[in-house]
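1. Sharing a model prediction with you, sequence too.
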Amino acid sequence: MSIISRLRERRRKQIIAKVLVSPDRTPSRLRVGPTWIPHWLRGDYTLRNSELIFAAVSRISNAFSAMPVQLYRGASPVRNDLNDMVSFAPNPYMTSCTFFKTLEACRGTAGDCYALKVFFPGESTFRLDVLDPTKVRPIIEKESKELWWRITPDEGPEFLVHDYYMVHVPFISTNGIGGISPVSVLFDTLRYSENIQEFSAKQLEQGVNSAIVLEAPANLGAEQKKQMIEDFMETYRETSGNILLLESGVTAKVMNLSPVDSKLFEVEKITRSKVAMVYNLPPHLLGDYSDTSFTSQEQQMLEFLMLTMLPIVTAYEQELDRKLLTAEQRKRGYHFKFNMESILRADAATQAEVDYKAVRSAWKTPDEIRASRNMPALPGGIGKHAMISQDLATLDYTVNEKPKVMANGKREPVALPPKEEEPPDE
C-alpha cells in the first residue's frame, strides 16, 4: 500500500470515528438544531410565512410519508434489522413517517435533504440523523474525485464525511450533486403576489371610510379650492355629516372604494399555477379548479401519482439502495420499495375494483388481498390458489389439466393439489 493510500485510509477512519455515537446512544459530535428551515439570502419565503409553499410541500411530504417502505429480496419481503430501522424508526426520536416527511420538507424548501449514517460503537448497525441542509456543503477531492460533505454542527468544529455515509436526495440538479431550491426559483412570483396583497390591504383600509368628491361648476384657483374644502369640512364636522350647506353649483358625491381589487384573484391564480408548475403538482391540489376536467377522483389521484410522486419515490428508492445496501446485497436482489398503492386505500370503490380484477387475472390470490386488509386467510387453504375467470378455476387446472380433460372428452373435475401445512404462529 502506497503512502498516499495509507494516509487516505487513515483519514477515512478518523472521519468514521467522528460520526460514531457514545455508548449511551446519543450523538457525540453532531446535534440536529431545533429548527432546520433555511433562511434565504434573497428573501424569507419559507414554510412559516408562505401558505402556497406550505401547501405544496405539505401535500407532497404527507403523501410520500404515507407510503410504507419495505426491504425486498426479489419479490419477497425481508424482515431484518435494516428493514426494521428504515421502515419503523430510522433514529430514536423519529418514526419512519416523520423521518421521510422531514426529509421531503427539507428537499422541497432548501432543494436538498440529508440523512447521516451514524454507527454505534463496536456494532455494524447505524441510525439515520436528519441534517440541516444549510449546514452541509459538498466537496470534491482533487486527487480521487470522490465526493465528501463538509458539516457545520451547531456545536463543535466542522468535519468531513464521505458520500458513502450520507443519504442525499436533491430536488433537481444541474451537476448531479447540489440541488436547486424551488423557493428561490419562485422568489419573484411570491414577492409580486405579496406586493399585490399589501396594496389590496391598503385599499381595504380606505374602503372602510367612504371618500367624498366635490364638484364645482368652473375651474377654481388654488385659494378658492382650499377655501371651499375648508368650508365644507367645517360644516361636515359641526353637523356630524347630517347637514351640508353647499355653495351654488357645488355638489358632493360619495365614492365607495372596493375593499378587494378585482385583479387580486387573477394574481392569486397565476401564483398558484406557477407554484404548481415548479413543484410538478396538479393545480387542483393547490385550490385551482378552473381547468379541472377529470370525471373521477381516481383519475386525479393517478395524475398526482404518475407525474408528481413516481419520480420522487424512484429517487429515494435508488438512494437507499445505493447507500444502505452493499454491492453484494444488490446483486442478490435486495432493494427498497415504497408502496404507492397505499395512497389509494381511501378510495374503497377503486381498491375493490382493483382487487376484483387482480383475482380474476390470477396476479393476486384471495388470501393476499385479505392479508393487505388485515384479514385472516380463508379456512382450509382455499384462498391461497391463483384463480382465473372461467368461471372460476385454479390457474394450475386451466393450464395443465383442462387440456387433457378436453382432449379425452372427460368432464370430471380434477382434484386440487394437497394442502400445505401452515407454519405455526410465533
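-> That came in fine, so what should we check first?
2. from here on, contacts and neighbour counts on C-alpha atoms
-> Fine.
3. Helices of the stretch 101-250 of the chain, start to end?
-> Listed in chain order, the helices of the stretch 101-250 of the chain (DSSP state H, counting those that start in this stretch) span 182-185, 187-208, 222-238.
4. among those helices, which gets the worst mean confidence?
-> Here those differ in mean pLDDT, and the lowest is helix 187-208 at a mean of 68.
5. Does Glu303 lie in a helix or a strand, and which?
-> Glu303 is part of helix 297-303, with elements assigned from DSSP states H and E.
6. Output the contacting helices and strands for that helix.
-> Of the remaining helices and strands, none touches helix 297-303 by 3 or more Cα pairs under 8 Å, 6 or more residues apart in numbering; DSSP states H and E.
7. same question for the very next helix or strand once past it, mean pLDDT?
-> Counting by DSSP H and E, the next helix or strand C-terminal to helix 297-303 is helix 310-324. For helix 310-324, the mean per-residue pLDDT is 95.
8. just stretch 52-66 next, same as before
-> Mean per-residue pLDDT for stretch 52-66: 92.
9. Touching that stretch from outside, list them.
-> Applying Cα atoms under 8 Å, 6 or more residues apart in numbering, the contact partners of stretch 52-66 are 45-48, 96-102, 104-105, 108-109, 183, 272, 275-276, 279, 281, 285-286, 308-309, 313, 342-343.
10. Select only the buried ones of those in ChimeraX?
-> Buried members of the contacts of stretch 52-66 can be picked out in ChimeraX with the line below, counting by 16 or more other Cα atoms under 10 Å:
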select :45,46,47,96,97,98,99,100,101,102,104,105,108,109,183,272,275,276,279,281,285,286,308,309,313
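11. mind listing which of the contacts of stretch 52-66 are in strands?
-> Using DSSP state E, no member of the contacts of stretch 52-66 sits in strands.
12. related to what we said a few turns ago, may I see the buried residues of the helix holding Glu303?
-> Gln300.
13. could we number from 337 for the rest of this?
-> That works, and once the first residue is 337, the last one we named lands at helix 633-639.
14. where along the stretch 387-536 of the chain do the strands fall?
-> For the stretch 387-536 of the chain, the strands defined by DSSP state E, counting those that start in this stretch cover 405-409, 412-413, 448-455, 462-467, 472-476, 483-487, 495-498, 502-506.
15. tell me the domain ranges of this protein?
-> Per automatic domain parsing, the domain ranges recorded for the chain read 339-517, 547-591, 683-756.
16. I'd like the mean pLDDT over stretch 606-618, please.
-> For stretch 606-618, mean pLDDT rounds to 88.
17. Equivalent analysis for stretch 434-446, please.
-> Averaged across stretch 434-446, the pLDDT comes to 94.
18. List the contacts of that stretch.
-> The contact list for stretch 434-446 (Cα under 8 Å, 6+ apart) reads 372-374, 382-383, 393-394, 396-398, 400-401, 426, 448-451, 466, 469-470, 505-507, 516-519, 615.
19. 6 Å instead, please
-> Val393, Ser397, Ser401, Cys449, Phe507, Ser517, Val519 (Cα atoms under 6 Å, 6 or more residues apart in numbering).
20. who wins for neighbours among those?
-> Cys449 (27 neighbours; other Cα atoms under 10 Å).
21. Quick check: bridge partners of that one?
-> When assigned by DSSP bridges, Cys449 has beta-bridge partners Val505.
22. will you turn the contacts of stretch 434-446 into TSV that also has distance to Thr525?
-> Rendered in TSV, the data for the contacts of stretch 434-446 read as follows (distance: Cα to Cα, whole Å):
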residue	distance to Thr525
Val393	17
Ser397	23
Ser401	28
Cys449	24
Phe507	19
Ser517	14
Val519	10
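23. Nearest to Asp691 among those?
-> Ser401 (23.8 Å; Cα to Cα).
24. any idea how far that closest one is from Pro413?
-> Using Cα to Cα, to the nearest Å, Ser401 is found at 19 Å from Pro413.
25. what's the answer for Glu737, then?
-> In terms of Cα to Cα, Glu737 sits 32 Å off from Pro413.
26. Also His721?
-> On the measure of Cα to Cα, His721 and Pro413 end up 20 Å apart.
27. Who has more neighbours out of the two?
-> Using other Cα under 10 Å, the more surrounded residue of His721 and Pro413 is His721, with 20 against 15.
28. give the contact list for the spatially closest residue to the more buried one that is not a sequence neighbour.
-> Counting by Cα to Cα, 6 or more residues apart in numbering, Thr701 is the residue found nearest to His721 once chain neighbours are left out, at 6.1 Å. For Thr701, the contact set (Cα under 6 Å, 6+ apart) comprises Val695, Lys720, Ala722.
29. Helices along the stretch 587-736 of the chain, start to end?
-> With helices called from DSSP H, counting those that start in this stretch, the stretch 587-736 of the chain shows them at 598-614, 633-639, 646-660, 663-667, 684-696, 702-708, 731-732.
30. okay, those helices in a markdown table with distance to Glu459 next?
-> Formatted as a markdown table, these follow (distance: least, Cα to Cα, whole Å):
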| stretch | distance to Glu459 |
| --- | --- |
| helix 598-614 | 43 |
| helix 633-639 | 43 |
| helix 646-660 | 15 |
| helix 663-667 | 19 |
| helix 684-696 | 43 |
| helix 702-708 | 35 |
| helix 731-732 | 48 |
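31. neighbours around Glu387, how many?
-> Neighbour tally, Glu387, other Cα under 10 Å: 12.
32. same thing with Leu418?
-> For Leu418, the count of nearby residues is 18 (other Cα under 10 Å).
33. what does Leu496 give?
-> Neighbour count of Leu496, defined by other Cα under 10 Å: 21.
34. can you tell me which residues contact it?
-> Trp485, Arg486.
35. For it, give its distance to Leu452.
-> In terms of Cα to Cα, Leu496 sits 12 Å off from Leu452.
36. now swap in Leu660 and tell me
-> As judged by Cα to Cα, Leu660 and Leu452 stand 11 Å apart.
37. okay, Val505: pLDDT?
-> Here, the pLDDT recorded for Val505 equals 96.
38. And for it, the neighbour number?
-> Neighbours of Val505 (other Cα under 10 Å): 26.
39. distance of it from Lys659?
-> 11 Å.
40. now Gly512
-> From Gly512 to Lys659 the distance is 16 Å (Cα to Cα).
41. what do you get for Trp699?
-> Distance of Trp699 to Lys659, computed by Cα to Cα: 32 Å.
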